[in-house]
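Engineer: Predicted coordinates and the sequence they were generated for:
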Amino acid sequence: MSVASLADYKTPRPWLILAAFLIVVVAVGGLIGTQSLPGPWYESLNKPAFNPPNWVFGPAWLTLYVLIAIAGWRIFMIDPRSTAMKVWYAQMVLNWAWSPVWFIAHQIWPAYAIIMALWLVIIAFMLIARRLDKPASWLFAPYLLWVTFASMLNLSIGLLN
């Protein structure tokens, strides 16, 4: 297991990299979120009883995006070319793809395929990252739980409609 030493964090560089991770992940996620808000199409869908109110999603995703960014930063600081980092990038692409497919294109089943691929890539990241940095792996646990819930919600809405 490779671990960054305390000396690695005594310069501004790692903190600037953390800021960049936080800004990019939160800003892109926020931009996608504001451009793909639930609208009349979503409101017209039959939803399961466990569908949360819309206001829950913003705070949940902000929290998750901060954890995702920190996990990515931790792995990046250890080995920016690692398999774990490549998997981290892959999960971001899938994460950012889901909302436009669901809310803009109104494609329930392609969105479900994306979220299931995302679920698998999150697990892959957790398994691969734990060899480099266990905290980075554990930072994805709430994300895995949320995407598991979102997958069940996506599937349920698909089946009800």
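Structural biologist: Cool, got the structure. Fair warning: this is a prediction, and the values are worked out from it, not measured in the lab. Numbers count the residues shown, from 1 in each chain.
Engineer: Give me the pLDDT for the residue most central in space within the chain.
Structural biologist: Nearest to the geometric centre of the chain sits Asn95, at 5.1 Å (Cα atoms, centre = their mean). As predicted, Asn95 sits at a pLDDT of 98.
Engineer: which residues sit in contact with it?
Structural biologist: Neighbouring residues of Asn95 by Cβ atoms under 8 Å, 6 or more residues apart in numbering: 29, 68, 118. C-betas here are computed from N, CA, C, even on glycine.
Engineer: Tell me which of the residues you listed fall in helices.
Structural biologist: Counted as lying in helices by DSSP state H, out of those, are 29, 68, 118.
Engineer: Could you find the closest non-adjacent residue to the first one?
Structural biologist: Spatially, and ignoring its direct neighbours in sequence, Gly29 is nearest to Tyr65 (4.8 Å; Cβ to Cβ, 6 or more residues apart in numbering).
Engineer: ok now do the one you found, which residues does it touch?
Structural biologist: 25-26, 29-30.
Engineer: repeat that for 10 Å
Structural biologist: Shown in contact with Tyr65 (Cβ atoms under 10 Å, 6 or more residues apart in numbering): 21-22, 24-30, 33, 92, 95, 143.
Engineer: Then Gly72?
Structural biologist: By Cβ under 10 Å, 6+ apart, Gly72 lies in contact with 17-18, 21-22, 24-25, 80, 84-85, 88-89, 91-92, 125, 129, 136, 139-140.
Engineer: hmm, back to that, out of the ones in helices among the contacts of Asn95, who's the most crowded?
Structural biologist: Ile68 (26 neighbours; other Cβ atoms under 10 Å).
Engineer: wouldn't it be in contact with Tyr143 here?
Structural biologist: Yes. Using Cβ atoms under 10 Å, Ile68 is in contact with Tyr143, at 6.1 Å.
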